[in-house]
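1. output the structure for:
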Amino acid sequence: MGTVSDAVHYVFLAAAACFVLGLHLMNHPRTARRGNTVSAGGMAVAIAATVWLVAHQGTITLTGWLVLACGGLVGAALGLYAAREVRMTAMPQLVSLFNAVGGGAAALIAVADLLQTGDPAALGARVSLPAALDIVIGAVTFSGSLVAAGKLQGIVPGAPVVFPGVRLLDVALPVSFVAGTVLLVLAPDSRAALFGLVAVALLFGVTMVLPIGGADMPVVIALLNACTGFAVAMAGFVLDETALIIAGMLVSSSGGILTKLMADAMNRSVAGIVVGGFGTGDGGPAAAGGAAAQVRSVSADDVAIQLAYARKVVLVPGYGLAAAQAQHELGDLAKLLTDHGVDVSYAVHPVAGRMPGHMNVLLAEADVPYTQLKDMDEVNPDFPQADVALVVGANDVTNPIARRPGNAISGMPILDVDKARSVVVIKRSMGHGYAGVDNELYTEPKTGMFFTDAKQGLAELKAAVGEFVT
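-> Okay, here's the model as predicted:
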């Protein structure tokens, strides 16, 4: 028995090494897919080793094996379906659901461990404290992630939802966490403390995310991801499993770093986001009075002439590109211009789309060369030299009013699209973005608005440019 346990322990360490290596490879788009494969392989080996250990110990019944098999098959089927069928625009919702599943599973591990222990009162703080923290963080992540997914999907309003007493609850509930955690550590056999802690944590997850607006959802996703990792690490302490501890802390630390980077990219503090976000959700009509009458509408031929005779073009993808699934059309247009001798690059804002890295993944699907992708700090100095900046569905991240105080996105770093010599924006309408403010870029004299679906418009542009360059 000892030999098998030792072997499994070493396998878990090898799996943890795969997690570390996979995370390192995910640091660059060129190696990200390989990193994902290495991490998934490590997890598959860890699962197989766990099954081997349980089988060798002989502590599971036939019914238990059936439940285990059914859970594995259902989970694998759902994961395969999600990977193949869920659209990129729904990926943030899927990530939120994954966060919910991870946090909820971790919390259930702690609950089950406390309920199944023969003498919970004999548990020391080494087990009961991580169990209490696991329950709190896991349950908060579970309910909060479900609300975040609902906001992204449109089931829950994207605007901040505030009701009388919500701020008082957000203060009282954490105090209840502390009291419940102390009580559970002192009396691990108390069912009232256990289920009370679960209920309070679930409620706090809802009241924490409801007041946060849609514009802050990318940061919230990263924050909840960090919370999921922390809950998994605590579950590792409860079960005394090194692999879970390492995997959980990797997710928690990387999620925490990403949360800070995303908050900095929006020039907002994490505390400010949690206290109350901003934004009303995208897709609403503009409310700038007569601003719509000041815009300059252009046709595909007008834009094609500018692109064909430009020396430098910067493409700015946004959520509208993802919604229209037009990444391949944009990639084809860029290749046509590049073959014609035009210097083409992509300006990728850290929060473009609805989640961190959204645009990078989307453009990778269209086999866009990584060398053409430039982040905000790298590409902003290029805009003054660009003959044309072609904006495809991006809104808040290109809005010049962010440079002025007194509005919802004041101070948020933006792409300096308005500094290009000519600007073309492909949008279906004058609708605002997630921050709920109108974009002054659309009414500038050098901006041409090409009102059309992104996929159709880019296809028309490709055809029109092709007539000029051939």
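2. what segments of the protein are strands?
-> 296-297, 312-317, 343-348, 373-375, 388-392, 423-427, 447-451 (DSSP state E).
3. list the contacts for the closest residue to residue 331 other than its chain neighbours?
-> In space, and not counting its chain neighbours, residue 331 is closest to residue 366: 3.6 Å by Cβ to Cβ, 6 or more residues apart in numbering. C-beta here means a position set from N, CA and C on the backbone, and glycine is covered the same way. By Cβ atoms under 8 Å, 6 or more residues apart in numbering, the residues touching residue 366 are 327-328, 330-332.
4. likewise for residue 420?
-> For residue 420, the contact set (Cβ under 8 Å, 6+ apart) comprises 314, 383-384, 386-389, 446.
5. okay, the residues you listed in a markdown table with pLDDT and distance to residue 428 next?
-> Converted to a markdown table, the contacts of residue 420 look like this (pLDDT from 0 to 100; distance: Cβ to Cβ, whole Å):
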| residue | pLDDT | distance to residue 428 |
| --- | --- | --- |
| 314 | 96 | 22 |
| 383 | 95 | 24 |
| 384 | 95 | 29 |
| 386 | 94 | 24 |
| 387 | 95 | 25 |
| 388 | 94 | 20 |
| 389 | 95 | 19 |
| 446 | 92 | 21 |
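6. now for those: which two are most distant?
-> Using Cβ to Cβ, the contacts of residue 420 span at most 14.1 Å, a distance reached by 314 and 446.
7. all helices of the stretch 251-400 of the chain, in order?
-> Using DSSP state H, counting those that start in this stretch, the helices of the stretch 251-400 of the chain run over residues 270-275, 291-294, 300-308, 319-324, 327-339, 358-365, 376-379.
8. by mean pLDDT, show me the worst of those helices.
-> Of all the helices of the stretch 251-400 of the chain, the minimum mean pLDDT falls on helix 291-294 (a mean of 54).
9. domains for this structure, by residue range?
-> 1-85, 88-281, 291-469 (automatic domain parsing).
10. looking at it, residue 253 is touching residue 229, isn't it?
-> Yes - assessed by Cβ atoms under 8 Å, residue 253 is found in contact with residue 229 at 7.4 Å.
11. count of residues packed around residue 46?
-> Applying other Cβ atoms under 10 Å, we find 22 residues neighbouring residue 46.
12. ok, now residue 155?
-> Quick note: residue 155 (other Cβ under 10 Å) scores 11 neighbours.
13. quick check: pLDDT value at it.
-> At residue 155, the model reports a pLDDT of 85.
14. again with residue 456
-> For residue 456, the model assigns a pLDDT of 92.
15. which ones are touching it?
-> The contact partners of residue 456, by Cβ under 8 Å, 6+ apart, come to residue 324.
16. roughly how far does it sit from residue 55?
-> From residue 456 across to residue 55, the span is 56 Å (Cβ to Cβ, to the nearest Å).
17. repeat that for residue 172.
-> Using Cβ to Cβ, residue 172 is found at 47 Å from residue 55.
18. chain center to stretch 365-382: distance?
-> Stretch 365-382 sits 20 Å away from the centroid of its parent chain (Cα atoms, centre = their mean, to the nearest Å).
19. what residues sit buried inside that stretch?
-> 368, 372-374, 376, 379-380, 382 (16 or more other Cβ atoms under 10 Å).
20. over to stretch 110-120?
-> Buried residues in stretch 110-120, counted by 16+ other Cβ under 10 Å: 110-111, 113-114, 117, 120.
21. swap in stretch 20-38?
-> For stretch 20-38, burial by neighbour count (16+ other Cβ under 10 Å) applies to 22-23, 25-26, 32, 35, 38.
22. ramachandran angles for the residue nearest to residue 331?
-> The phi and psi values for residue 366, taken as degrees, to the nearest 10, are phi -90, psi 10.
23. residue 253 and residue 229: which is more packed in?
-> Taking neighbours as other Cβ under 10 Å, residue 253 and residue 229 compare with residue 229 leading, 26 against 15.
24. from residue 43, how far out is the residue nearest to residue 37 when sequence neighbours are not counted?
-> Take residue 37 and drop its neighbours on the chain: the residue closest to it by Cβ to Cβ, 6+ apart is residue 22, 7.7 Å away. Going from residue 22 to residue 43 by Cβ to Cβ gives 9 Å.
25. before we move on, back to that, inside helices: which ones of the buried residues of stretch 110-120?
-> Cross-referencing the buried residues of stretch 110-120 against helices under DSSP state H gives 110-111, 113-114.
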